[in-house]
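Undergrad: Just need the structure, nothing else, for what follows:
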Amino acid sequence: MQKKYIALFLSILFIVSCFAGCTADDNQTEVTTTVPASVKEVDNTTFKLSYTQSDSLDPFKAETQNNQVLASLAFESLFDLDENYEPAANIATGYAFTNKTTLRVDINPQLTFSDGSELGTEDVVHSITAAKKSPAYGSALGCINYAEAQSNSVFIHLNYANPYAVNLLTFPITSTKDDEDGFPVGNGRYVYKNSGGKVVLKANTDNGFDPYIGTITLVNIAASDSIDNAVNIGNISYAFRDMSSDTSKRLSCAKKAVTMNNLVFIGINSRGGITSNAHIRQAISLAVDRTVIAESAYSGYASTAESPFNPDFKSIGNINIFSKEADTATAKQAINQSGYEADKLSLSILVDSNENKISCANLLKSQLEAVGFKVTIAQESVKNYRAKIAQSNFDIYIGEVKLSDDMSLYPFFDKKGGARYGIDLNKMTCDDVYIKYLSGDEELGKFILAFNDEMPYIPLVYKKGMICYSKALNGDMQGYYGNFFSNIDSWNFIS
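TA: Numbering: from 1, shown residues only. Next comes the predicted model:
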């Protein structure tokens, strides 16, 4: 019986469907239903960054880290560097060395600034000239002499041979003219705008940029401690900290370590006293436990320096001449080779008031005492510390230098270098071998051997920075030094 009812039902269904498929009017309009595509939810209020209202937003005039960090949002550079210091073309389309001291950079002639004006080679030359004079970029660009435009290329003339000079071309490219509100003009992902008397960054969607964060509110917060507090309580959404003090202990927000090129090192007075002996300098290096310094003095925000070069600088490759851990047995052998008796092994460590350096000095004191040195720590104000270093009035000191992105060691080997103090270049050869290496006239290995034999200074760790951000912010935070907002288009506050 059940099968009959089913058969009857199917027959009725077939007849109904036949009538439904026929129309009396051939012109009847067919109605279709379309599901609307999802629309990206744009946030114009939530994301906030700190800036310094009293400082310039021009990247070549800005003196504060606050405003310098913003530059990577409003401006693009000729090249970007990844976390391994490998260059990738951005505004530039490519580069080539025409000789050892001339770098040709090719520019895309189709590019425009955010105001619609043409971005040409003259703008690039203008930006190079301005960057060389700027607080943010000038100290790193000593390698560059001048630039000139020819057709769609810019020829950059160097003061000396430098195979990694392209790594320096990461400064902003700006227009020679400001916009109608007096803001500098770039071709970045965001544009400076005046919104009701307040400065904001608006997404530059004309270039295909399609972020969730459409508007970034800028909040005037100048003091470092205030920035830390603001990101903790959510008054700003994101900040970069260079770890000039142990910020990590004060921050309760989300955090990520960022590779930097800040070398913490032991400066050595090789001009006189016990440290004028190369075996003593080698013994000091061998006694150091770099892993302990990275983890304890810098709370893990540092990488051990196993050579004169940053371990993240992949163009040079992995070079390991310094042990991560202390080698006390070999350190004691080096002391024996020095000819100094135990009662003559006295050292003073000069350090300023920076809490990380003080912690580093205390660790170093223990490590040196473990191999037989008698060690004292001389802590001075920043002013007195700098004066004593300039006068070579020290045995050893804890120093820090920000090396440029071409990994240049000229701060140590140039007579005007900022970290040259105490190094007796007249009695050493490693500086000359280094220059020959850059020129292609000597192998890297020969420089490494000369450095290890003479030990002009002792690399300890490469300090890391930190990006800190609101826990309400979603997205895989890929920011890194120099490109703090690399994938900001994917960041959002969608719950």
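
Undergrad: CA only for contacts and neighbour counts going forward, please
TA: Will do.

Undergrad: How many residues are close by the nearest residue in space to residue 232 that is not next to it in sequence?
TA: Nearest in space to residue 232, with sequence neighbours left out and distances taken as C-alpha to C-alpha, 6 or more residues apart in numbering, is residue 253 at 5.4 Å. The criterion is other C-alpha atoms under 10 Å. On that basis, residue 253 has 19 neighbouring residues.

Undergrad: cool, residue 367 as well?
TA: Around residue 367 there are 20 residues (other C-alpha under 10 Å).

Undergrad: ok, now residue 97?
TA: Count around residue 97 with other C-alpha under 10 Å applied: 16.

Undergrad: Remind me which helix or strand it belongs to.
TA: strand 92-99 (DSSP states H and E).

Undergrad: which residues are contacting that strand?
TA: If you take C-alpha atoms under 8 Å, 6 or more residues apart in numbering as the criterion, strand 92-99 is touched by 78, 79, 103, 104, 105, 106, 107, 108, 166.

Undergrad: so, if you compare those residues, which one comes nearest to residue 316?
TA: Proximity to residue 316 was ranked across these by C-alpha to C-alpha; first place goes to residue 166, at 14.4 Å.

Undergrad: and the closest residue in space to residue 189 that isn't next to it in sequence, what does it touch?
TA: Distances taken as C-alpha to C-alpha, 6+ apart place residue 204 nearest to residue 189, at 5.2 Å, with adjacent residues excluded. For residue 204, the contacting residues are 114, 188, 189, 190, 191, by C-alpha under 8 Å, 6+ apart.

Undergrad: In strands, which of those residues appear?
TA: If you go by DSSP state E, those have 190, 191 in strands.

Undergrad: Around residue 415, count how many other residues there are.
TA: Around residue 415 sit 13 other residues, with neighbours defined as other C-alpha under 10 Å.

Undergrad: how about it, secondary structure?
TA: coil (DSSP: H, G, I helix; E, B strand; the rest coil).

Undergrad: just the contacts of strand 92-99 now: which is nearest residue 239?
TA: The shortest distance between residue 239 and any of those, using C-alpha to C-alpha, involves residue 79 and amounts to 23.2 Å.

Undergrad: The closest one - how many residues pack around it?
TA: For residue 79, the neighbour count with other C-alpha under 10 Å is 23.

Undergrad: surely it meets residue 173?
TA: No. Applying C-alpha atoms under 8 Å, one finds residue 79 not in contact with residue 173, separated by 10.4 Å.

Undergrad: so where do the helices sit in the stretch 251-400 of the chain?
TA: Residue ranges of the helices in the stretch 251-400 of the chain, as given by DSSP state H, counting those that start in this stretch, are 278-287, 290-292, 328-338, 355-369, 382-390.

Undergrad: Give me whichever of these is most buried.
TA: helix 278-287 (a mean of 24; mean count of other C-alpha atoms under 10 Å).

Undergrad: tilt between it and helix 328-338?
TA: Computed with axes from the mean of the first three to the mean of the last three C-alpha atoms, to 10 degrees, the direction of helix 278-287 lies at 170 degrees from that of helix 328-338.

Undergrad: And the residue nearest to residue 104 when sequence neighbours are not counted, its phi and psi?
TA: The shortest distance from residue 104 to any non-neighbouring residue, by C-alpha to C-alpha, 6+ apart, is to residue 155 (4.5 Å). Comment: the main-chain dihedrals of residue 155 come out as phi -100, psi 120, following degrees, to the nearest 10.

Undergrad: Show me what residue 155 is bridged to.
TA: Note on residue 155: beta-bridge partners by DSSP bridges are residue 104, residue 148.
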